[in-house]
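> got a predicted structure here, sequence first:
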Amino acid sequence: MQDRPRVWLLGMLLALPLLGLVLLLAVPSVDVMWEHHPSHFLLVLAVALINVALALVASDAAHRRADARLFLVSLALITSSGFLALHALATPGVLLDHPNSGSSSRPRSVCSWPQGSRPRRPSSSATRMRRGSCDAER
C-alpha cells in the first residue's frame, strides 16, 4: 500500500512539464524570452561538469562490478559532457566577441544550408529546383 502514494507522486512529477506546456499555449504572454550569455555559459558548463562527475561515478562502479554495460553508460555520459562543454564555449562572448552561425535567431531552412553539408538525392533536389521552393525563401 505504500507504493500507491509513490506512484501518484511520480505521475504528478511527470505531468508537470505537460502542464507547463498547456499554460504556455493558453497564456502566450507568460512566455518570455530571456537571453543572458554569461548565465548560459555557466549553466551549460555546470551541467557538463555534473555529467563528468556522474561519468566518473559510473566508471568506478563499472570497474568494481566488472560490468561492461555500465562502463558504456559512463562513456556516454563523458561524451555528452564534452558536447555540452563545447556548446558552453560556443556561447557568444566567451571565445568570440560576435555571435556564431549556430546562435542565429533566424532559423535556417533546408534550402539555405551550405553546399555539401546535407545528403542529397538527385530526384528531390531537382524537383525542388523545378518547383522554385528554394528561390521563394531567399
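Received, thanks.
> drop to CA atoms for contacts and neighbour counts, all remaining ones
Noted.
> residue contacts, residue 63?
Contacts for residue 63 (Cα atoms under 8 Å, 6 or more residues apart in numbering) come out as residue 71.
> gap between it and residue 21?
Residue 63 sits 41 Å away from residue 21, going by Cα to Cα, to the nearest Å.
> could you do residue 78 as well?
When residue 78 is compared with residue 21 (using Cα to Cα), they lie 31 Å apart.
> which of those two has more neighbours?
residue 78 (22 against 11; other Cα atoms under 10 Å).
> please identify the helix or strand for that one.
For residue 78, the element it lies in under DSSP states H and E is helix 68-89.
> just give me the residue right at the centre of this structure.
Centroid-nearest residue in the chain, with Cα atoms, centre = their mean: residue 84, separated by 8.7 Å.
> how about that one: what's its closest non-neighbour residue?
Distance criterion Cα to Cα, 6 or more residues apart in numbering; nearest residue to residue 84, sequence neighbours excluded, is residue 48 at 5.3 Å.
> wait, what's in contact with that neighbour?
80, 81, 82, 84, 85.
> what is the burial count for the last one?
So that's residue 85. 18.
> touching, it and residue 45? I think so.
Yes - using Cα atoms under 8 Å, residue 85 is in contact with residue 45, at 5.6 Å.
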